[in-house]
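Participant: Structure here, sequence nowhere to be found:
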């Protein structure tokens, strides 16, 4: 009987936003446009970094990895959500739900570690510019990215295995637009306090440890910049860090609000709205934030456009 109960739920219903069909169509168009903008913006950064030797530097290597993670995170969630906005039966299979949840949190966890690596890169560039090339060698950069992926996998694998073993034998309606951890765990017909606490401690460790590393780097950066005698030099140094700090504020702020709470899922309506920020707004804005604040990227982009126009003419 216990084994039968474990397999009775073969699919989940994603409630989404509780809108009338006409509004769902409008929301479909808006989210589709934002998704396409996200793909184009982040793919553009990847193409520019890979194709132009002027951007073959650690700073842009980390930025390229960050853009890749943004693409994967949005692609994990958005296509299924767009499909459900137009569908009468807004379902996702059990395996599809678990897969979506795994990759969403895996890529998100890796992204936090990559943000810390980007902060370390800025710390070395501003606080130890003479030793930049010796400290951040390409081998070190590859190790930082490899450790980010390994750390993300190790952080997410244990909770995922435990969730796969949960019995789902009753309600199958998830009060969200994707298979978020909190709403999913609430549907299990067993005591899930251990998994909730495990999620809380792992999320807290990943988010807060990477936030501390990032903020320590920027404290040292700020102190160093304030010691620069010329105002133009201080302004230039701050401008190179401004884009990163905006992404840090958006990413860490929203994640701490949603996941670094003892029991997730208490304010699902608010959490859904904030998840729209992390799934749609931040990935769509990050390419523009990074390019508009970076003179070298803008220069490479202008040259690429000029060469393309010359080729067409």
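Facilitator: Sure, I can see it. Remember, it's a predicted structure, so these values are computed and weren't measured experimentally.

Participant: all contacts plus neighbour counts: C-alpha atoms, from now on.
Facilitator: Noted.

Participant: in the stretch 1-150 of the chain, which spans are helices?
Facilitator: Using DSSP state H, counting those that start in this stretch, the helices found in the stretch 1-150 of the chain span residues 2-7, 21-51, 58-86, 94-127, 132-135, 138-164.

Participant: Reformat those helices as TSV; add mean pLDDT.
Facilitator: Listed next are these as TSV, based on pLDDT from 0 to 100:
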stretch	mean pLDDT
helix 2-7	46
helix 21-51	91
helix 58-86	93
helix 94-127	93
helix 132-135	91
helix 138-164	94
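
Participant: how about these in JSON lines, adding distance to residue 184?
Facilitator: Below are the helices of the stretch 1-150 of the chain laid out as JSON lines (distance: least, CA to CA, whole Å):
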{"stretch": "helix 2-7", "distance to residue 184": "15"}
{"stretch": "helix 21-51", "distance to residue 184": "23"}
{"stretch": "helix 58-86", "distance to residue 184": "15"}
{"stretch": "helix 94-127", "distance to residue 184": "9"}
{"stretch": "helix 132-135", "distance to residue 184": "44"}
{"stretch": "helix 138-164", "distance to residue 184": "9"}
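
Participant: Looking at those, which is nearest to residue 176?
Facilitator: Closest approach to residue 176 among the helices of the stretch 1-150 of the chain is made by helix 58-86 (9.9 Å; CA to CA).

Participant: Now do the closest one and helix 21-51, the angle between them.
Facilitator: Using axes from the mean of the first three to the mean of the last three CA atoms, to 10 degrees, the inter-axis angle of helix 58-86 relative to helix 21-51 is 160 degrees.

Participant: Would you enumerate the residues in contact with residue 64?
Facilitator: If a contact means CA atoms under 8 Å, 6 or more residues apart in numbering, then residue 64 has 45, 46, 49 as its contacts.

Participant: and of those, the nearest to residue 250?
Facilitator: residue 45 (19.8 Å).

Participant: Hmm, the closest one is touching residue 287, no?
Facilitator: Yes: the criterion here is CA atoms under 8 Å, and residue 45 meets it with residue 287 at 7.0 Å.

Participant: Common neighbours of those two, please.
Facilitator: What both residue 45 and residue 287 touch, as defined by CA under 8 Å, 6+ apart, is the set residue 67.

Participant: Name the nearest residue to the residue positioned nearest the centre of the chain, sequence neighbours excluded.
Facilitator: When CA atoms, centre = their mean is applied to the chain, the residue found nearest the centroid is residue 108 (4.3 Å). Leaving aside its sequence neighbours, residue 108 sits nearest to residue 73 (CA to CA, 6 or more residues apart in numbering; 7.0 Å).
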